[in-house]
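K.L.:
Let's see this in three dimensions:
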Amino acid sequence: MRMRESKNSKKITLAIIGGVVLLLAGGYFVWYQFGDQIMPKNNNQSESRLEEIPTRPQDPENPKKQVPKQYEGQGDDEDSNTNTDQITGFINSKEVSNGNFSIRLTINQLLGSGTCTLTMTNQKTVTKTAEIVQNPSSSSCKGFDVPVGELGPGEWSIKINIKSGDKTGVIEDKFNIGS
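P.N.:
Okay, here's the model as predicted:
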């Protein structure tokens, strides 16, 4: 009886080891045949991608050191035909919510500091000021929240003057506040 138990346990052990070996061999075969399709190699893609990004020398003494070009109007791009002192941007949102007229905008250039001055004109003029906030790849104003009670109904002209150092820009729009 003891012999049968020992033969059965040997068979079970051999079957388990054989199954593990077959699984490993099958996995290696699949990886060898289809590994490039499952996980594409990136070594050539990243090199060609870096070559496509326009660059400029960062240090005239070390021209091999390259950095990507920044937004238009960044101020230090000698090849640009635009006015390098001009700040550009756009209004992301303008809405009335919770009794306030809110304006949010994005500045295309990366600015370290400065001010945004909102001037809203209808039959009267309302002016607010906010600081410039630096984002990872652009800038923005901290935002404007003007109580609707200060404005009143009607179509308002929006003018936002942006100043950072010797750079300036203006963003204009209109908004209708219902009665």
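
K.L.:
count of residues packed around the residue nearest to residue 172 when sequence neighbours are not counted?
P.N.:
Leaving aside its sequence neighbours, residue 172 sits nearest to residue 159 (C-beta to C-beta, 6 or more residues apart in numbering; 5.2 Å). Where you see a C-beta, it was placed from the backbone N, CA and C, and this is true even at glycine. Using other C-beta atoms under 10 Å, residue 159 has 15 neighbouring residues.

K.L.:
Would you list the phi and psi of residue 165?
P.N.:
Per-residue torsions, residue 165: phi 60, psi -130 (degrees, to the nearest 10).

K.L.:
Use 48 as the first number from now on
P.N.:
Okay, using 48 as the starting number, the last item reads as residue 212.

K.L.:
okay, and the helix or strand of this structure with the least pLDDT?
P.N.:
Ranking every helix and strand in the chain by mean pLDDT, DSSP states H and E puts helix 90-99 at the bottom, with a mean of 43.

K.L.:
Parallel or antiparallel, list what pairs with the helix or strand containing the residue nearest to residue 219.
P.N.:
In this structure, residue 206 is located in strand 201-211 according to DSSP states H and E. The strands beside strand 201-211 in its sheet (DSSP bridges) come out as strand 162-168 (antiparallel), strand 214-224 (antiparallel).
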